[in-house]
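Student: Need a 3D model of the following:
(chains A, B and C)
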Amino acid sequence: MALLELQSVSKNFGGLRAVDEVSFQVEPGEIFGLIGPNGSGKTTIFNLINHFYPVSGGRVIFNGQDITGLKTHQICQRGIGRTFQVVKPLKRMSVIDNIIASAFLRHRSMGAARRAAEESMEFCALTHYAKQLARSLPIASRKRLEIARALATQPKLLLLDETAAGLNPSELDEAIELIKQIRESGITVIIVEHIMKVIMTISDRIHAINHGQTIAEGSPGEVARDPKVIEAYLGEETHAQSRGN
Amino acid sequence: MEVFLQTLVAGVLKGGLYALIGMGMTLIMGVMGIINLAHGQMMMVAMYLTYVCFHYLGIDPYLALLISMPGLFLLGVAVQRFTLNPLLKVESLLPENQVLMTVGVGMVLTEICRFIFTSNYLSAKTGYSDDTFFIGGISFSVALTIAFLFAALLTAAMFWFLIKTDLGRSIRAVSQDEEAAALMGVNPARMRTLTMGLGASLVAAAGTLLLPIYYLFPDIGGPFTRRAFVITILGGLGSTVGAIFGGITLGLAEAMGATYIGMDFEEMVGLVIFILVLLFLPGGFKRLTKV
Amino acid sequence: MRGRIVALIALALLIVFPLEVKDAYYRHLMILVLMWMTIGTGWNVLAGYTGQVSFGAAAFFGVGAYTAGIISFKLGISAWWGMVLGGVACAIIAVPFGMITFPLRGAYFALGSLALGEIFRHIAIIWESLTEGMVGILIMQTFVSKLPYYYIALALAAASVLCVELVARSRLGYYFVSIREDQDAAASIGINTTRFKMISMTIHAVMTGLAGALYMNYMGFIDPEVVFSLHDISIMAILVGIVGGVGTIFGPLVGAFIMVAVQEVFRTAGFGTMKALSQFLGWNFLETLTKYIGMAHVLAFGVLVVVVIMVLPNGLVGDWKKLRRLFIRG
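Tutor: Next comes the predicted model:
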């Protein structure tokens, strides 16, 4: 049975149809990639799964249960964690406090929460930052903090939103490693990514969208060769070239 | 029926003045994103200024507009430059510092006026303050009607300024998108200061026009500040047209409340409307006009 | 650790204070200080820790005061029971108060809470059959001496501080601060922001209400303009919080002390030192100056607000390091 299933999910913002009847299934244990050019609706889909916005149509099924109407915190309690494209650290709290706050979802006592937070910190290689304020972290560490915080809620499904943006090549390799390790620990991952290298290397399957609609789905190789996908991206590249990039 | 019409008239006329108060505040809110809780106190200063002009210089209140409006413009500019602009650079736990600062400014203004003029109730009754004229059995207060006409004039002038002049357009640009405006050569800091001055002069006009038919004491600012933000929220943030609707609506609601429920309810009406709007129509009237 | 020791010393001093100082005037001032410590601490939970800056604390102070007053005046029950009931009443009122204001973000929350506080004031004036309207409520005070009131106020303040200390280091505290820092992120890590904001509001409401009930018992007389006052209660609570330091435990305590002191210093023109000085020097103008300073105490308040916000936006305790650097360098 699929872990997460989107059934004809749509979202309207006034007159703009940001997401148009998108359906897909994510199997437990896989790394599922969601790609598309800028503004295609990728982050909106995450916001719909997470109930940041209510859906305008369709259903979201998680673990066999309809979670379409649930509130964001309830969805987290059910086992879906997420990171944000523009990271949202709890700025004036220390790194470890950020994660402890998150760990309290599954652990009642201070001691247990702290231990869980320390584990999460170590997993994401943040231990030496423990006492530092979140806002003083460099961008790559902030992204890892987002992940560590989400992991502390013990999710079954992790939504990673543009984790790789803004990272230099070595940081990128570290990020890819981390995502693989997350999958190995038994967590299913949906990754939204704009950077081809990342998503092609680690995804098991990819779902491509453009203008809020599905244009292709399949293995990375299949999707990369799909003419509609090439056109969507090439179209964007041509656009970029004409601006003198 | 007659009572109803009478109340309607009184409400709309007063509403015209309220619109001036609301417009000033909504401009400030729209352009600078701050809630000026000293708005009513600025109006009080204008009223005292008008009082001084009337009692010591023999200047008719309506002429005093020429003094109070520029005067309060300068006050607004000073407040913006010396107390509010510095705050933009200060980092603190609570973003509401700007609001608090305006509260402080309001207190200082109130107490300075109390210092100079004492807490006594003052008034500036002109020869025609209590005159009325009749149209079809409904009495119109002369002073209130003149005030309404002036208010309408000033409102029209404000619209002309905002739509037709470069400066006005720059102000609107900053209220819509500060960064974009800056990129196009508009100086946002200057626009903010200008707007504060403009807002202050509008509320000054309202105060000056109100003095002949109202009374004056240092604590008069508070209720008017509250009315100002009720009108602003009613009309929709940053919408000058909305402020007009909001002002008239509040004027009507207060008049109706006073006539049909009781004098005590005048202020409560505004507050209750405020809460209701915040809860059920968060965009104010502006929201209603968009599809 | 050092903070803990300072706190214990301060507590010891406070306990001993009225035994050494018998002057009713100073005892009165300290009772006010203790009352404001409680109110400030309660406000701090909602505003400093949870980031919801309420301009409507007066609503709860008044409800607490009136509950105690009405119980005593109308039903003849001791106003101390009124204190318990006042706390309960405030906990109940906190629910609609929160439900109305929490959907509002930022400055709208401030305005909404301000409006609600004012609505309560107007209700108290208009609903004469319940509250006696502008006439106010007068009750017999239980104690003649100030001593018992002092210790009750101290107990209340100490209990409030203890409560906040426990909260700050618990799951509740972490959740509050998470909501303050980023409500959306907080929801994403499983925090039911509405529920926890309500808990925060309830703590604020009960502490403020208990202080109000204490006020009723201590002063023996209240009216709507006093206990539901925007400037004297709601804004004073905010000042106590920010002057001392928002989001710190000791901030409101320091703030309460300073605000009451400033108020008195100006009201009495330096506790009469100016007057004494003018008599000593025989300079008449000093005496006139004294009179003016006395009248200007609210002005001074306003100026204080302006200065503090600009220079010490995080309060005395919050900006302590900044303050120290200022003195060490200069």
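Student: CA atoms for contacts and neighbours, from now on please.
Tutor: Noted.
Student: For C:Ala24, which non-adjacent residue is spatially closest?
Tutor: Nearest residue to C:Ala24 in three dimensions, chain neighbours excluded: C:Lys146, at 7.1 Å (CA to CA, 6 or more residues apart in numbering or on different chains).
Student: And for A:Leu70?
Tutor: A:Leu70's closest residue in space is A:His51 (CA to CA, 6+ apart), at 7.1 Å.
Student: and the one you found, what are its phi and psi?
Tutor: phi 60, psi 40 (degrees, to the nearest 10).
Student: which ones are touching it?
Tutor: A:His51 sits next to A:Thr68, A:Gly69, A:Leu70, A:Lys71, A:Thr72, A:Ile75 when contact means CA atoms under 8 Å, 6 or more residues apart in numbering or on different chains.
Student: Mind pulling up the pLDDT for the residue nearest to C:Ala24?
Tutor: Looking at C:Lys146, its pLDDT reads 81.
Student: And for C:Val167?
Tutor: C:Val167 carries a pLDDT value of 92.
Student: Was I right to think it contacts C:Val177?
Tutor: No - using CA atoms under 8 Å, C:Val167 makes no contact with C:Val177, being 10.9 Å away.
Student: ok, the two, which is more surrounded?
Tutor: For C:Val167 versus C:Val177, neighbours defined as other CA atoms under 10 Å in any protein chain shown are more numerous around C:Val177 (25 against 16).
Student: And that one, which helix or strand is it part of?
Tutor: C:Val177 is part of helix C:171-181, with elements assigned from DSSP states H and E.
Student: Contacts for the helix or strand just after that helix next, please.
Tutor: Toward the C-terminus, helix C:171-181 is succeeded by helix C:183-188 as the next helix or strand (DSSP H and E). With contact meaning CA under 8 Å, 6+ apart, helix C:183-188 is reached by A:50, A:72-73, A:76, A:81-82, A:88-90, C:175, C:178-179, C:193.
Student: For my notes, please list those in TSV and give pLDDT, neighbour count and secondary structure for each entry.
Tutor: Shown next, in TSV, are those (pLDDT from 0 to 100; neighbours: other CA atoms under 10 Å in any protein chain shown; DSSP: H, G, I helix; E, B strand; the rest coil):
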residue	pLDDT	neighbour count	secondary structure
A:Asn50	89	26	coil
A:Thr72	91	29	helix
A:His73	93	24	helix
A:Cys76	93	26	helix
A:Gly81	92	28	strand
A:Arg82	91	28	strand
A:Lys88	89	20	coil
A:Pro89	89	25	coil
A:Leu90	89	26	coil
C:Tyr175	94	28	helix
C:Ser178	93	30	helix
C:Ile179	93	25	helix
C:Thr193	91	21	helix
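Student: Okay, A:Ile176 and A:Gly81: tell me how far apart.
Tutor: Separation of A:Ile176 from A:Gly81 (CA to CA, to the nearest Å) stands at 18 Å.
Student: near chain C, which residues of chain A show up?
Tutor: Within chain A, the positions near chain C by CA under 8 Å from any CA of the partner chain are A:50, A:72-77, A:81-82, A:88-92, A:97-98, A:100-102, A:104-105, A:108-110, A:149-150, A:153.
Student: what's the neighbour count on the residue of chain C found nearest chain A?
Tutor: Taking CA to the nearest CA, chain A has its nearest neighbour within chain C at C:Gly190, 4.0 Å off. Neighbours of C:Gly190 under the rule other CA under 10 Å: 28.
Student: now swap in A:Ser185 and tell me
Tutor: 10.
Student: thought C:Gly51 was touching C:Tyr175?
Tutor: No - between C:Gly51 and C:Tyr175 there is no contact under CA under 8 Å: 11.4 Å.
Student: excluding its backbone neighbours, what's nearest A:Met216?
Tutor: In this structure residue A:216 is Ala, not Met. Sequence neighbours aside, A:Ala208 is the residue nearest to A:Ala216 in space, at 5.1 Å (criterion: CA to CA, 6+ apart).
Student: B:Gln41 too?
Tutor: Counting by CA to CA, 6+ apart, B:Gln41 lies nearest to B:Gly221, which is 4.3 Å off, once chain neighbours are set aside.
Student: Hmm, that neighbour is touching B:Tyr48, no?
Tutor: No - using CA under 8 Å, B:Gly221 is not in contact with B:Tyr48; the gap is 11.5 Å.
Student: rewinding a little: please name the bridge partners of the residue nearest to A:Ala216.
Tutor: On the basis of DSSP bridges, A:Ala208 is bridged to A:Ile35, A:Ala216.
Student: dump the residue contacts of it.
Tutor: With the criterion set at CA under 8 Å, 6+ apart, A:Ala208 makes contact with A:Leu34, A:Ile35, A:Gly36, A:Thr214, A:Ile215, A:Ala216, A:Glu217, A:Val223, A:Val229.
Student: again, 6 Å this time
Tutor: A:Leu34, A:Ile35, A:Gly36, A:Thr214, A:Ile215, A:Ala216 (CA atoms under 6 Å, 6 or more residues apart in numbering or on different chains).
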